[in-house]
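[1] Okay, here's the prediction I keep looking at, along with the sequence it came from:
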Amino acid sequence: MNSAARIEAFLEMMSAERGAAENTLSSYRRDLEHASEAIKGGLAGAGSADIRAYLDEVAARGFAPTSQARKLSAIRQFFKFLYAEGLRGDDPTGTLDSPRKGRPLPKTMSEAETGRLLDRAAQEAGEAGPDGDRMAALRLHALVEVLYATGLRVSELVGLPVTVALRDDRFFMVRGKGDKERMVPLSTKARAAMRAWLAARAERPAFAESPFLFPASSDSGHLSRQVFARDLKGLAARSGIAVAKISPHVLRHAFASHLLQNGADLRAVQQLLGHADISTTQIYTHVLEERLVRLVNDHHPLAD
């Protein structure tokens, strides 16, 4: 059985039918080719014992449990495809257990810390003097307000086309992973910060002609994730927040955690974050558990 051809067919299916991103396809390719090279006779014809031996070898070589789980997930998807296409009469991964791994809780910020960060950004945007400083302050204020209001991935945020902000300022239509579109509402403060940024942006001819909401003189034509992350850490330091605990991704987690703490439904948060699978959003179940404990303690007649 030609494993290389089967892997190519699987990757074509993932791209065409499921809209898998290039990074996802590259990861699948690496994991499947690695397994195929390690298993005698190739991956496509492997049995359960062959795959188990391969995973044991991966573990013995010191790969982290998360890496082991990712490799097994790729292999499972591959054999599901072969079975569905009639290229295998069985699925040898059905009896394999996933490696145990801890579930690290996402780093986040308290509501008070987030408030301090946003207040500082608003203050700097209102007080900025010279033109260059003013543009940078207005842009950073718009970025942090929109990020906390929407929970966008940082790549989605910095790469937003300007057209999303010109349709209706109550919400953005965002194209995320797998080219899927979703609607994210903007808060009142985020709308105000965005209007101020758009007005300043229109005053700069080079910016006004850019197709991006946050233009920059970079290869991509828009603000890079690295520059935004650096500016965000600077804002955190000026807000009295530990720089090590903040990043754009931490603000995305804060958005989700604070929604759940205040009564939002997990499915709604899943849609807002753009998670294809509810299991991805379930890293926040600890927030729900804390909320339920608080609910019982506050309202149950026999609670101490």
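    All right, it came through fine. Residues are numbered from 1 along each chain as shown.
[2] And residue 193, how close does it get to residue 121?
    8 Å (Cβ to Cβ, to the nearest Å). Using the backbone N, CA and C atoms, a C-beta is placed for each residue, glycine as well.
[3] Now for the two: what residues contact both?
    Common contacts of residue 193 and residue 121, defined by Cβ atoms under 8 Å, 6 or more residues apart in numbering, comprise 141, 145.
[4] can you give me the helices in the stretch 151-300 of the chain?
    Along the stretch 151-300 of the chain, counting by DSSP state H, counting those that start in this stretch, helices occupy 154-158, 164-167, 188-202, 205-208, 225-238, 248-261, 266-273, 278-281, 285-299.
[5] Going by neighbour count, list what's buried in the second one.
    What that stands for is helix 164-167. 164, 165 (16 or more other Cβ atoms under 10 Å).
[6] Relative to the whole chain's centre, how far out is that helix?
    23 Å (Cα atoms, centre = their mean, to the nearest Å).
[7] got it, and the fifth one?
    Taking the mean of its C-alpha atoms, helix 225-238 sits 18 Å from the chain's own mean (Cα atoms, centre = their mean).
[8] Report the inter-axis angle for that helix versus helix 248-261.
    When axes from the mean of the first three to the mean of the last three Cα atoms, to 10 degrees is applied, the directions of helix 225-238 and helix 248-261 differ by 70 degrees.
[9] For helix 225-238, report the contacting residues that lie outside it.
    117, 120-121, 124, 136, 140, 143-144, 154-155, 157-158, 216, 218, 242-243, 245-248, 251.
[10] Of those residues, grab the buried ones for PyMOL.
    Restricted to buried positions by 16+ other Cβ under 10 Å, the PyMOL selection for the contacts of helix 225-238 reads:
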select buried, resi 117+120+121+124+140+143+144+154+157+158+216+246+247+248+251
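[11] Kindly report the domain assignment for this protein.
    Following automatic domain parsing, the chain resolves into domains at 3-84, 115-248.
[12] Quick one: end-to-end distance for the first one.
    Across its full length, domain 3-84 reaches 16 Å end to end, with Cα to Cα, to the nearest Å as the criterion.
[13] and if you look at the longest one?
    Across its full length, domain 115-248 reaches 15 Å between end residues, using Cα to Cα.
[14] how about the domains of the chain in JSON lines, adding mean pLDDT and distance to residue 93?
    Supplementary listing: the domains of the chain in JSON lines, determined by pLDDT from 0 to 100; distance: least, Cβ to Cβ, whole Å:
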{"stretch": "domain 3-84", "mean pLDDT": "90", "distance to residue 93": "5"}
{"stretch": "domain 115-248", "mean pLDDT": "91", "distance to residue 93": "24"}
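[15] picking up where we left off before, want to throw the helices of the stretch 151-300 of the chain into TSV with distance to residue 19?
    Formatted as TSV, these follow (distance: least, Cβ to Cβ, whole Å):
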stretch	distance to residue 19
helix 154-158	15
helix 164-167	20
helix 188-202	29
helix 205-208	32
helix 225-238	22
helix 248-261	22
helix 266-273	17
helix 278-281	16
helix 285-299	27
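[16] Can you say which of those helices is nearest to residue 54?
    For residue 54, the closest of the helices of the stretch 151-300 of the chain is helix 278-281, at 24.9 Å, according to Cβ to Cβ.
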